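Novice: have a look; sequence and predicted model below, questions after that.
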Amino acid sequence: MFHEKETLIENCLFGVDINPNSVNICRLRLWIEILKNSYYTSESNYSELETLPNIDINIKQGNSLISRFDVKQDIFTHADKQTLDIYKLNVALYKKEQDKNKRRELKDSIEKTKGRFRGIAVDPLKKEREKIDKLTEKLHKLNTDNLFDGNRSRKEQEKIEKKRNELVEKINKLTEQKSKKAEEYRKIYSNSFEWRFEFPEVLDENGNFVGFDVLIGNPPYIKEYENRQAFNGLRNKECYQGKMDIWYLFADSGLKLLKSDYYLCFIATNNWVTNAGASNFRDIVIRTSKIENLTDFGAYMVFEHASIQTMIMFFKNNSQEDNYSFDYRCLQGEKLIHKNVLNLLMGIETENSVLLSPTINKEILNGKPLTFNTDENIELLNKLEAKHNFFIRKKANKKLKIKSELGQGIVAPQDFVNKASAETLDYKVKIGAGIFVLSQDEFERHKFSKKEKEIIKPYFTTDQLQKYCGVNENKYWIIYTKSNINKKDKKTKKIPLDNYPKIKKHLDKFKSVITSDFKPYGLHRAREQYFFESEKIMVLRKCPKEPIFTYTDFDCFVSQTFFVIKSDRINLKYLSGLLNSKLIAFWLRRKGKMQGNSYQLDKEPLLEIPIYKPIDNEANKIAALVDKVISQKQHGKDSSTNEKKIDDAIYKLYGLTKEEIEIVEGKSTE
């Protein structure tokens, strides 16, 4: 057993981590694993304990996402290949060598060889150096040509001097740029990891990168808005896009490090299948690999100290199969226990386990989210799609004079003082104090002028906006300043903010913590004001139990916690009834974006809802029922009877049978 483990760990296991402590812990755990089965070579006198292999060379420290060389890049000349043979031999010898001095010599030799390989890298500053050399040559020629000629006129001499100064200025500027770029490059690549030659075991006899058989990982989960620095040097990668998670880059790199027809297995967040920020990664997976298995743990928290919904994904590095089926497993329900997870992993079908064999069609799924359904669900969903005759517009259509009909709420990073901003302000202001968003008490205390109140708008939260209807009693106000509020008017040359002295004085207190693109007086994204005025539907983005769409006909400004639907092409009360119906909840659960059992109503699923626009008479009947529901809710009465009437009317509009209604309402076995 000792020698079996030794062979596996010494020859088959390799690892990389950016954290040196993680690397040391991994090495230690592998050594301990071998020690469990260690033995003495002479049992009679216990004279010599079997020596442990030098496995530290297999577990390395570095940034595995950053490399100077692509793994497919042919970088070795004939001479380099001879050096490569020596490099491979030294690595093999190092693993067995027990003499400390010889081991040190071998490691020094290995590092020198790797340094030589790194030297093959293309000079990233080549263009800058060439430009500086050309300008320096011109300057040298100018100085040489005019060294002994003292017969020029003063005007000619001034002209030459001017040219000399221009050249010197350009050289200095380029030199400064080169130094800055060199420093940036040094920072990015200071900890780079060169897969191309770091593990000689996965190189063939000619030095070509062959790849690994299996790649396993639990990558870090980092959003760019949480840590922009973590993405430095990665924004030029094929997989990169805004609003992504860094683990997509790890999985993409992993697929590129595999041999053809071999496997990658990750545990990571489960929302990549529908997340807009994962569209590049999703397309790479569909295009370059075959999904073998997806095991989604739903609302069960696999990691004890992290409230992250996760999934195991198992991909084969294979781009040949255009159509195939795979093993999909998903947990459903809220109060899930360990037993539910074991049943799922063993493929035991229960009321909490969904076991499917979805079909992947590469051509159809390109650029699309991934959703998985039973056969009977697919038939019903296709039927709903066939009734889809109204499309919410996400962009303005100038020809038809239609404004955008879907928009996100206001992005105001500095709505209130948080702990971090309180520290920056030396706790001169309490945590929770308003910056761009003011409480009723703060609003009254400032005694804003009539002019200032024109740009302070009623601000609503989930406390006032419920399913179907909202209460027109805001507890907060938002300073709704756009990006140009502190710019001079071209005609009058006056700064508009001068008309708002109390607002200016208030925001000046928070200059040091306001990070808006239009700081310190403008919101980060103010949005078009018409979105928040008069008739509209507010959409709560994260809904734990059911989708929540709120009809409002009063000015209602909201944060990015909401989306807003606004249209003059469809009866919005009818649309409120449709969107709040059980039928659309069914569609969103099967075809939208889910976080476990919670609905994630982002732009993509909202734009894909199969909205049917009936004739005015039918729309008006449902709108009248919505009026009754709103009135009952506002007066604290039970509205369930009228909500059921709305559901029944929607079923009829979409032509559902009794059996299909039972599927929607969960009365049949899926």
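Specialist: That came through, no problem. Numbering: from 1, shown residues only.
Novice: can you map out the strands along the stretch 51-200 of the chain?
Specialist: Using DSSP state E, counting those that start in this stretch, the strands of the stretch 51-200 of the chain run over residues 59-61.
Novice: low pLDDT regions in it?
Specialist: Across the stretch 51-200 of the chain, residues meeting the criterion (pLDDT under 70) sit at 147-150.
Novice: and residue 196, what does it touch?
Specialist: For residue 196, the contact set (C-beta atoms under 8 Å, 6 or more residues apart in numbering) comprises 67, 69, 70, 71, 73, 75, 117, 209. Just so you know, the C-beta spots here come from the backbone N, C-alpha and C atoms, and that holds for glycine as well.
Novice: filter the residues you listed down to the buried ones.
Specialist: Buried members of these, scored by 16 or more other C-beta atoms under 10 Å, are 67, 69, 71, 75, 117, 209.
Novice: distance of residue 4 from residue 37?
Specialist: Per C-beta to C-beta, to the nearest Å, residue 4 is found 8 Å from residue 37.
Novice: those two - which one has more neighbours?
Specialist: residue 37 (13 against 9; other C-beta atoms under 10 Å).
Novice: and the longest strand seen in the chain, how far out from the chain middle?
Specialist: Longest strand in the chain by number of residues (criterion: DSSP state E): strand 258-269. Centroid separation for strand 258-269 versus its chain: 20 Å, with C-alpha atoms, centre = their mean, to the nearest Å.
Novice: following element in sequence after the helix or strand of the chain with the lowest mean pLDDT, please.
Specialist: When the helices and strands of the chain are scored by mean pLDDT, DSSP states H and E, strand 594-595 comes last with a mean of 80. Past strand 594-595, further along toward the C-terminus, the next helix or strand under DSSP states H and E is strand 598-600.
Novice: and that following strand, what does it pack onto?
Specialist: When contacts are defined as 3 or more C-beta pairs under 8 Å, 6 or more residues apart in numbering; DSSP states H and E, strand 598-600 packs onto strand 542-543, helix 582-591.
Novice: just say which of the ones you listed is most tucked in.
Specialist: Comparing the helices and strands packed on strand 598-600 by mean neighbour count (mean count of other C-beta atoms under 10 Å), helix 582-591 ranks first with a mean of 20.
Novice: what does the average pLDDT come to for that helix?
Specialist: In this model, helix 582-591 has an average pLDDT of 94.
Novice: name the residues that touch it?
Specialist: Helix 582-591 has contacts (C-beta under 8 Å, 6+ apart) with 371, 373, 377, 381, 384, 546-547, 578, 599, 601, 605, 608-610, 647, 650-651, 654, 656, 663-665.
Novice: with stretch 198-207 instead?
Specialist: The contact list for stretch 198-207 (C-beta under 8 Å, 6+ apart) reads 11, 14, 58, 60, 62, 75-76, 80-81, 84, 87-88, 91, 114, 197, 209-212.
Novice: show the buried residues in the contacts of helix 582-591.
Specialist: Neighbour counting with 16+ other C-beta under 10 Å marks 371, 373, 377, 381, 384, 547, 578, 599, 601, 605, 608-610, 647, 650-651, 654, 656, 663-664 as buried within the contacts of helix 582-591.
Novice: out of the buried ones among the contacts of residue 196, what pair is the most spread apart?
Specialist: Distance extremes for the buried ones among the contacts of residue 196: the farthest pair is 71 and 117 at 13.4 Å, using C-beta to C-beta.
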